[in-house]
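Asks: sequence unknown, structure follows:
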């Protein structure tokens, strides 16, 4: 089993053409007992649904061998003891991936000719996602978050966790601290003596600046560039200007969380970050709506499944807005763009919206998952064309 934190970079391997059945299983999971106790029960139920569909195309022995990894997963007590908010499992004869997700997903088991990716798209392509960098001189943490949840992620080994780790023997303030064995002052009191040429504050500021510079470079190279997400800074107020001065991270938002981030719980950080991100999220969605509305009378936008299928296969769809809750059982013929409706228990049928999203991604377009109440159409999709 390959257990991975999903990123948009995983989509290409999920979109590869494959021969034979592809199993996609999604379920919401609980982080805490007793909610988590039912996770494995629901997973076994979904596995039985998948096996029922697979029995139409696989013999008994083939079916047992094919689904063996999923039964092993169901039997793993260690795996089910540490869950996030959702789970995505993809199985093919030559591919097996398990993703623990930061967001709940609809309970679903689909067997089709390709993987069902829309719930994963909702997790990775929703417009409300952000990163949060919580930094003090003693502690560096990075979170992935959205309006509902936030989780600390494991930093790349190249990202220093502390000032000492970043600067090592180059730390200057420790060597230029006030000398406690200095001269005696009035009344015999010791006067702290400074061994360096500048003040202690100057030396601390120099270390902090160098520390922030090293952290910014590593975070940008190993996290921010890959995610492309807006980043919220959480730091003491006196560190905001200094960090921005040395930062080359274009994803860093102009507003920041003021205060010692170590004093806030993760959920308090999420709430404060969302107050900063939400206006951008709303404006971004409104921008798509405006562009879609302007394109409709000029033939540069559509919500008709067949028209969008044809445009997607022709590489004309620049942005596809997809209702993140809706499923339209059926499939899109990749050769003819014909859209046919069907039933999800058919092992050759997926979700038409999922098929369209997959095609748009393959053709280099963007897919944005949108809450139903924000969708500008009632068909589940709204496409903005390149031409």
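Replies: It's in. Only a predicted model underlies this, so the values are computations on that prediction, with no experimental measurement involved.
Asks: Can you give the distance of the lengthiest helix in the chain from its chain's centre?
Replies: Ordering each helix of the chain by length in residues (DSSP state H) puts helix 266-295 first. Put simply, helix 266-295 sits 16 Å off its chain's centre (C-alpha atoms, centre = their mean, to the nearest Å).
Asks: now do stretch 141-154
Replies: Worked out by C-alpha atoms, centre = their mean, stretch 141-154 lies 9 Å from the chain centre.
Asks: residues of that stretch that come out buried?
Replies: Along stretch 141-154, these residues count as buried under the neighbour rule (16 or more other C-beta atoms under 10 Å): 141, 142, 143, 144, 145, 146, 147, 149, 150, 151. C-betas here are computed from N, CA, C, even on glycine.
Asks: What lies in contact with that stretch?
Replies: 5, 84-85, 102-103, 126, 128-135, 155, 159, 219, 223, 227, 229, 261, 266-267, 269-270, 273-274, 277-278, 281 (C-beta atoms under 8 Å, 6 or more residues apart in numbering).
Asks: Tell me which stretches of the stretch 51-200 of the chain form helices.
Replies: Assignment of helices within the stretch 51-200 of the chain using DSSP state H, counting those that start in this stretch yields the ranges 60-66, 68-75, 77-80, 118-125, 163-167, 200-219.
Asks: List only those of the contacts of stretch 141-154 flagged as buried.
Replies: Buried among the contacts of stretch 141-154 by 16+ other C-beta under 10 Å: 84-85, 102-103, 126, 128-135, 155, 159, 219, 223, 227, 229, 261, 266, 269-270, 273-274, 277, 281.
Asks: Name the SS class of residue 50, please.
Replies: helix (DSSP: H, G, I helix; E, B strand; the rest coil).
Asks: give me the low-pLDDT residue ranges for the stretch 251-387 of the chain?
Replies: Within the stretch 251-387 of the chain, the segments meeting pLDDT under 70 span 347-348.
Asks: where along it do the helices fall?
Replies: 266-295, 305-313, 352-362.
Asks: So which of those is the most surrounded?
Replies: Of these, the one with the most neighbours on average (mean count of other C-beta atoms under 10 Å) is helix 352-362, at a mean of 25.
Asks: Residue 27 is in what secondary structure piece?
Replies: Of the helices and strands defined by DSSP states H and E, residue 27 is found in strand 22-28.
Asks: That strand vs helix 352-362, what angle?
Replies: 110 degrees (axes from the mean of the first three to the mean of the last three C-alpha atoms, to 10 degrees).
Asks: which residues make contact with strand 22-28 from outside it?
Replies: Under the contact criterion C-beta under 8 Å, 6+ apart, strand 22-28 has outside partners 39, 42-43, 46-47, 50, 54, 67, 70, 85-92, 104-117, 119-120.
Asks: Go again with 6 Å.
Replies: Defining contact as C-beta atoms under 6 Å, 6 or more residues apart in numbering, one finds that strand 22-28 is touched by 42-43, 46, 50, 86-92, 104-105, 107-112, 114-116, 119.
Asks: In strands only, show me those residues.
Replies: Per DSSP state E, strands hold the following members of the contacts of strand 22-28: 86, 87, 88, 89, 90, 91, 92, 108, 109, 110, 111, 112.
Asks: Can you add pLDDT and neighbour count and give the residues you listed back as a markdown table?
Replies: Putting these into a markdown table (pLDDT from 0 to 100; neighbours: other C-beta atoms under 10 Å) gives the following:
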| residue | pLDDT | neighbour count |
| --- | --- | --- |
| 86 | 91 | 22 |
| 87 | 94 | 25 |
| 88 | 95 | 24 |
| 89 | 96 | 22 |
| 90 | 96 | 22 |
| 91 | 97 | 24 |
| 92 | 97 | 19 |
| 108 | 91 | 18 |
| 109 | 93 | 23 |
| 110 | 91 | 27 |
| 111 | 92 | 28 |
| 112 | 89 | 21 |
